[in-house]
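Colleague: Task: produce atomic coordinates for the following.
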Amino acid sequence: IFKFLGAISVDLGQDRIKPYLPTILTPLYRELNSNYAEQDPTLKNLSQEIIELLKKIVGLEAFSLAFSSVQKQANQKRAMRKKQRALQTVANPDIAARRKLKRHKNKAETRKRKIESLRPMYKAKRHRSHALKDLAMVE
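Modeller: As a prediction, the model looks like this:
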């Protein structure tokens, strides 16, 4: 998709690409700012190359305006999600408590995995999953 966006922007040219610039920059910005573990470095490099291409096509001033608007919009969305999460904690304490328990459980599992990788002889006790037993209808 990034290659397609680059090809479209080259094909449209300077004047016709300007209205679509924020729409094109949104996924590129998201890829550049993402920090998840399984991130593909080739994708990040490709998005950086397309951003440089767009700078050359449109010009630095128009690009900067569009990029700052995309950046501002992303920050607003992030702040809105954070606020919603905080409000949900107050409005639904049971859901928040379940989320917190799940997070603590995941943290403990991560810690056990880390210890096992550092010391292969040590086997951490793992919580048995009763997923199938929980799904079964027991009278």
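Colleague: What separation do you get for the residue most central in space within the chain and residue 43?
Modeller: Centroid-nearest residue in the chain, with CA atoms, centre = their mean: residue 34, separated by 5.0 Å. Note on residue 34: its distance to residue 43, by CB to CB, to the nearest Å, is 9 Å. (Each C-beta comes from the backbone N, C-alpha and C, glycine too.)
Colleague: Could you do residue 51 as well?
Modeller: Counting by CB to CB, the gap from residue 51 to residue 43 is 13 Å.
Colleague: Then residue 30?
Modeller: According to CB to CB, residue 30 and residue 43 sit 11 Å apart.
Colleague: who touches both of the two?
Modeller: Between them, residue 30 and residue 43 share no contacting residue under CB atoms under 8 Å, 6 or more residues apart in numbering.
Colleague: rewinding a little: more crowded one of residue 51 and residue 43?
Modeller: Shown here are residue 51 and residue 43; by other CB atoms under 10 Å, residue 51 has more neighbours (19 against 14).
Colleague: phi, psi of that one?
Modeller: The phi and psi torsions at residue 51 (degrees, to the nearest 10) take the values phi -60, psi -40.
Colleague: Unless I'm misreading it, it sits right up against residue 27, doesn't it?
Modeller: No. Taking contacts as CB atoms under 8 Å, residue 51 lies outside contact range of residue 27: 11.1 Å.
Colleague: Need the residues touching each of those two.
Modeller: In contact with both residue 51 and residue 27: no residue, using CB under 8 Å, 6+ apart.
Colleague: how distant is the helix or strand encompassing residue 47 from the center of its chain?
Modeller: For residue 47, the element it lies in under DSSP states H and E is helix 41-58. Between the centre of helix 41-58 and the centre of its host chain there is 19 Å, according to CA atoms, centre = their mean, to the nearest Å.
Colleague: How about stretch 49-69?
Modeller: For stretch 49-69, the distance to the chain centre is 22 Å (CA atoms, centre = their mean).
Colleague: go on, stretch 14-24?
Modeller: With CA atoms, centre = their mean, you get 24 Å for stretch 14-24.
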